[in-house]
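Q: I would like the atomic coordinates for the input below:
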Amino acid sequence: MTLPVIWDAEACGKEIRRNAERGVHALTFSENPAAMGYPSFHDEYWTPVWEALVDTDTVMNVHIGSSGRLAITAADAPMDVMITLQPMNIVQAAADLLWSAPVKKYPGLKIALSEGGTGWIPYFLERADRTYEMHSTWTGQDFGKQKPSEVFRDHFLTCFISDPVGVALRNEIGIDNICWEADYPHSDSMWPNAPEELDAVLKTHQVTDAETNKMTYENAMRWYHWDPFTHVPKDQATVGALRKASEGHDVSIQALSKHDHGGPSFADFAANAKEMSGNTD
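A: Numbers count the residues shown, from 1 in each chain. Next up is the predicted model:
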């Protein structure tokens, strides 16, 4: 994963090219650079980045909350509010990028919406198409002969951890645009029972083996030009084989306090939330 030189678009473009030559075709990037004081996705400042991404077939990965602007309704709102609204952050990024000029200018541009879930996408695409139909005359948007929903499927990769609704609506989203993610070691992860929990969701919604293969590894291999089976043979990469290989290693769940090295505390997080919302009480 290439780290962005976000403060210098020219240097960032060069870094994308340098790493692509090393076989790295993924760039991590803020979902909203404007929130960090940099030009927005709609500014030509980022042209060197877009061109480098397309020239090297590198995927831009925008992660929820990476700008520091998660949805916080109030400083004293329960933490559950923010956690529930986390995917809404990536919805904003998806709209920002879908309606941006680079998506129209660069047919080969690829963007991954990291950790954003998928259940919201059918409504989002329906809304985007409706917006285009009703308002493009005066907003000046022009996708040619395509609808925004079609353009989305050309450019965006989505992912989910546990999203039964998204799995049920997989073909309305685009089966070639979905990846499953583990999110280990975050608390949203289904580890250590991720295979069993995912399998239950797939069976409930009658997902075929071909669809399962696309969502669990084939789509990611295609988008990122990376073949994990050149490192670990496929027969050794099954759930059973990997669990067998881990025998004798301590993979038990332990309290974070056992690994406390003086990092930010929950109190620090709450204080930052107050500062972001403008509440200094």
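Q: CA only for contacts and neighbour counts going forward, please
A: OK.
Q: and the helices in the stretch 151-281 of the chain?
A: 164-168, 170-173, 194-204, 209-213, 219-224, 239-245, 266-277 (DSSP state H, counting those that start in this stretch).
Q: what number of residues lie near residue 234?
A: Residue 234: 11 surrounding residues under other CA atoms under 10 Å.
Q: and if you look at the one 3 residues further on?
A: Neighbour count for residue 237, taken as other CA under 10 Å: 15.
Q: what residues are up against it?
A: Applying CA atoms under 8 Å, 6 or more residues apart in numbering, one finds that residue 237 lies in contact with residue 229.
Q: residue 178 too?
A: By CA under 8 Å, 6+ apart, the contact list for residue 178 reads 118, 157, 158, 159, 160, 170, 214, 215, 219.
Q: that older thread, so which of the helices of the stretch 151-281 of the chain is nearest residue 23?
A: helix 219-224 (9.7 Å; CA to CA).
Q: returning to what we had before: which PyMOL command selects the buried ones in the contacts of residue 178?
A: Burial among the contacts of residue 178 is assessed by 16 or more other CA atoms under 10 Å; the matching PyMOL selection reads:
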select buried, resi 118+157+158+159+160+170+214+215+219
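Q: so of the contacts of residue 178, which ones are in strands?
A: Residues from the contacts of residue 178 lying in strands, with DSSP state E as the criterion: 157, 158, 159, 160.
Q: residue ranges with poor pLDDT in the stretch 1-150 of the chain?
A: Applying pLDDT under 70 to the stretch 1-150 of the chain flags the ranges 65, 68.
Q: can you pull out the strands in it?
A: 26-30, 59-63, 110-114 (DSSP state E, counting those that start in this stretch).
Q: check which helices and strands the last one sits against.
A: Packing contacts for strand 110-114, counted by 3 or more CA pairs under 8 Å, 6 or more residues apart in numbering; DSSP states H and E, involve strand 59-63, helix 148-155, strand 156-160.
Q: tell me which of the ones you listed sits nearest to residue 236.
A: strand 156-160 (24.4 Å).
Q: nearest residue to residue 191 other than its sequence neighbours?
A: residue 184 (6.6 Å; CA to CA, 6 or more residues apart in numbering).
Q: that neighbour reaches residue 192, doesn't it?
A: No. The pair residue 184 / residue 192 is not scored as a contact, 9.0 Å apart, by CA atoms under 8 Å.
Q: with just CA atoms, put stretch 240-254 into CSV.
A: Extracted in CSV, the C-alpha atoms of stretch 240-254 (Å, rounded to 0.1, in the frame of the first residue of the first chain):
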residue,chain,number,x,y,z
GLY,A,240,-8.9,-25.4,7.5
ALA,A,241,-5.3,-25.3,6.2
LEU,A,242,-4.6,-21.9,7.7
ARG,A,243,-6.1,-22.9,11.1
LYS,A,244,-4.0,-26.1,11.0
ALA,A,245,-0.9,-24.0,10.3
SER,A,246,-1.7,-21.7,13.3
GLU,A,247,-1.8,-24.5,15.8
GLY,A,248,0.6,-24.0,18.7
HIS,A,249,0.3,-20.2,18.4
ASP,A,250,-1.6,-18.1,20.9
VAL,A,251,-4.4,-16.4,19.0
SER,A,252,-6.7,-15.9,22.0
ILE,A,253,-8.5,-12.6,22.5
GLN,A,254,-6.8,-10.4,25.1
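Q: which residues touch it?
A: Outside stretch 240-254, the residues that reach it (CA under 8 Å, 6+ apart) are 235, 236.
Q: repeat for stretch 226-233
A: Against stretch 226-233 from outside (CA under 8 Å, 6+ apart): 220, 221, 237.
Q: what's the lowest-pLDDT member of the residues you listed?
A: Minimum pLDDT across those is recorded for residue 237, with 92.
Q: re the thing from before, using TSV, lay out the helices and strands packed on strand 110-114 together with distance to residue 88.
A: Formatted as TSV, these follow (distance: least, CA to CA, whole Å):
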stretch	distance to residue 88
strand 59-63	12
helix 148-155	17
strand 156-160	14
